[in-house]
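Participant: Provided below are the primary sequence and the corresponding predicted coordinates.
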Amino acid sequence: MLERATWQGTNIRGNQDTAANFFKPQGYKSADCIPLLIETLHDHRKEIARLTIVKGTNGDLSGNFFKSQGYKPADYEGYMNGLDFTQPVFAETINRGKTLWQFQVPGGRQGMRYSPTPDVVPGQLGINPLGQIYKTETIVPKIVNVYQSTEKVTLLRSTSAPVLDTWSVSSQPYNAIGGAR
């Protein structure tokens, strides 16, 4: 919060009183404030630059992958919010016979998020463990289903990010922890 409040709209060099007010509650003396504030902002800008580079590269790759599969930006932009762009993202081709797992509502349609292992929980995949049965108000736990590819398939390999799942059960948003590959 400190970085954002001081970074946006505050002239660091010309407003020592504002800078001092941020640090005084933590016990710093006014003379100590400006160097600490500048160092904090410098670190913050480096982190923004690092994330921009990573997201730019992996985000471009992800967007290009979805476009190559015939999706329009409106169809995949929400999905991309669930990708951790600080982790590797790449296209991978799997052979016929590869087993993958997916959590879904019993009898529901296939989604877009699969796992190469059954040893994960829905929240790690960036989804709610509950789902709504299609065209009803009934909310049920998702179950894991096993799928096997019947031909070579190119997929996007990524790590899920922490995300607020508002699509599984719109009346019960779920903070998914992410982290699964």
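Facilitator: Everything's here; your move.
Participant: quick one, domains of this structure?
Facilitator: 2-57, 83-176 (automatic domain parsing).
Participant: Need the distance between the two termini of stretch 76-93.
Facilitator: Terminal residues of stretch 76-93 lie 20 Å apart, using CA to CA, to the nearest Å.
Participant: looking at the domains of the chain, which has the lowest confidence?
Facilitator: Comparing the domains of the chain by mean pLDDT, the weakest confidence falls on domain 2-57, with a mean of 42.
Participant: Distance of L164 relative to G123?
Facilitator: Distance of L164 to G123, given as CB to CB, to the nearest Å: 12 Å. From N, CA and C alone the C-beta is placed, and that goes for glycine too.
Participant: who's more crowded, these two?
Facilitator: Higher neighbour count among L164 and G123: G123, with 21 against 13, using other CB atoms under 10 Å.
Participant: Checking that one next. Helix, strand or coil?
Facilitator: Following DSSP: H, G, I helix; E, B strand; the rest coil, the label given to G123 is helix.
Participant: now swap in F85 and tell me
Facilitator: Going by three-state DSSP: F85 is coil.
Participant: list the buried ones in stretch 166-173?
Facilitator: Residues of stretch 166-173 classed as buried: 168-169 (neighbour count, 16 or more other CB atoms under 10 Å).
Participant: what's the overlap in contacts for L164 and G123?
Facilitator: 174, 176 (CB atoms under 8 Å, 6 or more residues apart in numbering).
Participant: Please, where are all the strands along the protein?
Facilitator: Taking DSSP state E as the criterion, the chain contains strands spanning 90-94, 99-104, 130-132, 139-141, 143-148, 153-157, 163-165, 174-176.
Participant: Now distance to S62 too, for these, in JSON lines please.
Facilitator: Converted to JSON lines, the strands of the chain look like this (distance: least, CB to CB, whole Å):
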{"stretch": "strand 90-94", "distance to S62": "9"}
{"stretch": "strand 99-104", "distance to S62": "19"}
{"stretch": "strand 130-132", "distance to S62": "24"}
{"stretch": "strand 139-141", "distance to S62": "29"}
{"stretch": "strand 143-148", "distance to S62": "22"}
{"stretch": "strand 153-157", "distance to S62": "6"}
{"stretch": "strand 163-165", "distance to S62": "14"}
{"stretch": "strand 174-176", "distance to S62": "18"}
